[in-house]
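**Q** sequence-free structure coming up:
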């Protein structure tokens, strides 16, 4: 637990359960990661992989029936003094939490439509946020801050009097980002901030986020299911599957030195605009029901490399390649105990000849 | 009606289906939706959802309709499926105009051959009915089974065709017991039940998890090849259109602006909007965000910009773009664009120019 200077958030062995009548759901189990100061950290995964639950746990936003079962989340605030006393987020009491939230860590939710109050105009909502944390400013100061904020995200100050329904989807998301920036937080969690938007608008919002990050130096935890987007904007990313991180590394290593078959499958689930038009197959099967997770590695029923051990032994995150210090993978393919011949040369999905899916794609690849 | 459906294998070899006649053709479709609002004594407001939309679907080929939300792609599909009546324009099925597809025998025949797959499989299946019921209905309605055993056989065969195996287990399940991808497979099986010749897929994968999208798209492609279906694939994801479609048609704010063979269109986009769409699409192969030209969002279709509706965002907009819609220019065979960068002539089809006076 040495406080490295450039780490802003250090999450260790966190677990979250949901209690339901049909059994306890381990939405997040034993997840550890750390976010560096000033970087965009990506969390990728399909629906039900626990990525949002994880982020909500870190922000202490979970309510019953969700419960954090263990672990800790340490936040290292920016200080001039040499001593950096980390904030243990999960141990904060109500008042401390109030001081912590929005000043240190803010959050941008997926649906800008629902994150904004439909009966209050934009100005009121921005000022409300500032006032609840800084109650003793003058009226004009609040207003000036609101003007600055909307200008920052590229909205004309005249729109401050607008109500959310008068704004387009992209502008609403900009307002939500402006509110997240209101108190100059050091870390912003963005939960699928661009999922509901059109591609062109999505691109604009992303470059806006990158510009703001450059100006203010905050860090971002960026949650999305769109891996092709993450690999474009993130510095480090973690891939989640069934509540666990299966692979974690920097952007380049994830793309060029993919180690986990699930990551490989995800990366190859997106047709590219450029390059050769080749056969792409995706991942067979479907994500597991978290009430009934497969034993061993949760990915084993969909994995074409699965061996006996994958069904019984749960893989842990390990350094696979000694030369890549930040690359962690949870997969038995790299465990000499289970793979005496070493990992396979290519992670491409092994296609059986009688696979009906493959026939269609062969014809597709040969078409035109 | 079925003679076209038989020589599908040979069609694959001919270049872009030049020898195949289209099975479903839409000509100059226009759709206005009346909405509340507007001045009390004046005409009611209308949403000009679709202007001068033409498309032709050929058996054995996939056509992709690409556009952002509000571009009119779903409206076009719903008109083709007979769910909406077009305000003007006509639909030709096998060369015969289908003027009245809202009722009667002709409509029944049309609906049997043109089937629509909806975007959201969580909403398109009835939660109270089993998979058996969902698939039995179209089979019964279109008389595809004579008795109970045959019905059961047909349902099992349908489930197998969409790779829901073991079919005997899936047949009695309820929608909530299935995952999103499995539900969408049921929806596809349901659309296949009346043995259609045209399949309209309205964003069939956008509600599904990324890892299973390809499986569904590969399934649609396999079915298209096996049954020689004409497939209309509606999407906002131009990269997937490149992979699964032979032809791409790009739409913006209700106007179709560019179309061509998918490879040509993506390698050499002509319309500034197509270029914008391509530069905005996420691509891990790209290192940093490319600069994009044409910021902003799609306009309101109640009072859309006059002329080319893209002109307020277009970096190349000229005066003429504000007054009229450009004539369709053929860049090369099958690749055309509606843009004043490539022509000086106005489109002459009167329905293209909004009926109302230009506003300010």
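**A** That came through fine. What you are looking at is a predicted structure, and each value in this text was computed from that prediction instead of being measured.

**Q** what are the phi and psi values for the residue of the stretch 51-200 of chain A found nearest chain B?
**A** Distances from the stretch 51-200 of chain A to chain B, computed as C-beta to the nearest C-beta, single out residue A:198 as the nearest residue at 4.0 Å. Bear in mind the C-beta positions are built from the backbone N, C-alpha and C, glycine included. The main-chain torsion angles of residue A:198 are listed as degrees, to the nearest 10 and equal phi -70, psi 160.

**Q** equivalent analysis for residue B:154, please.
**A** The phi/psi pair for residue B:154 (degrees, to the nearest 10) reads phi -60, psi -40.

**Q** check contacts around it.
**A** B:135, B:139, B:144, B:145, B:193 (C-beta atoms under 8 Å, 6 or more residues apart in numbering or on different chains).

**Q** any chance of these in a markdown table, plus distance to residue A:98, secondary structure and neighbour count?
**A** Rendered in a markdown table, the data for those read as follows (distance: C-beta to C-beta, whole Å; DSSP: H, G, I helix; E, B strand; the rest coil; neighbours: other C-beta atoms under 10 Å in any protein chain shown):
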| residue | distance to residue A:98 | secondary structure | neighbour count |
| --- | --- | --- | --- |
| B:135 | 55 | helix | 24 |
| B:139 | 61 | helix | 19 |
| B:144 | 64 | coil | 17 |
| B:145 | 65 | coil | 17 |
| B:193 | 58 | coil | 24 |
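
**Q** just the closest of those to residue A:179, please.
**A** When the contacts of residue B:154 are ranked by distance to residue A:179 (C-beta to C-beta), residue B:135 comes first, at 48.3 Å.

**Q** wait, doesn't the closest one sit right on residue B:189?
**A** Yes - applying C-beta atoms under 8 Å as the test, residue B:135 and residue B:189 come out as touching, 5.9 Å apart.

**Q** which neighbours do these two have in common?
**A** Between them, residue B:135 and residue B:189 share these contacting residues under C-beta under 8 Å, 6+ apart: B:158, B:159.

**Q** ok, back up a step: want to throw the contacts of residue B:154 into a markdown table with pLDDT?
**A** As requested, the contacts of residue B:154 are arranged in a markdown table below (pLDDT from 0 to 100):
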| residue | pLDDT |
| --- | --- |
| B:135 | 94 |
| B:139 | 93 |
| B:144 | 86 |
| B:145 | 86 |
| B:193 | 94 |
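
**Q** same list, the residues you listed, but as JSON lines with distance to residue B:72 please.
**A** Written out in JSON lines, the entries for the contacts of residue B:154 read as follows (distance: C-beta to C-beta, whole Å):
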{"residue": "B:135", "distance to residue B:72": "31"}
{"residue": "B:139", "distance to residue B:72": "33"}
{"residue": "B:144", "distance to residue B:72": "33"}
{"residue": "B:145", "distance to residue B:72": "38"}
{"residue": "B:193", "distance to residue B:72": "29"}
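
**Q** next one, pLDDT for the nearest residue to residue B:63 once chain neighbours are set aside please.
**A** Nearest residue to residue B:63 in three dimensions, chain neighbours excluded: residue B:247, at 4.7 Å (C-beta to C-beta, 6 or more residues apart in numbering or on different chains). Confidence per residue is given as pLDDT, and for residue B:247 that number is 95.

**Q** right, and residue B:247 touches residue B:264 too?
**A** No - at 9.7 Å, residue B:247 does not count as touching residue B:264 under the criterion of C-beta under 8 Å.

**Q** now list whatever residues contact both of the two.
**A** In the contact map built from C-beta under 8 Å, 6+ apart, the residues linked to both residue B:247 and residue B:264 are residue B:334.

**Q** ok, those two, which is more surrounded?
**A** Shown here are residue B:247 and residue B:264; by other C-beta atoms under 10 Å in any protein chain shown, residue B:247 has more neighbours (24 against 17).

**Q** residue contacts, the more buried one?
**A** B:16, B:61, B:62, B:63, B:64, B:259, B:260, B:261, B:262, B:334 are the contacts of residue B:247 under C-beta under 8 Å, 6+ apart.

**Q** from the contacts of residue B:154, which are also near chain A?
**A** Filtering the contacts of residue B:154 for proximity to chain A (criterion: C-beta under 8 Å from any C-beta of the partner chain) leaves nothing.
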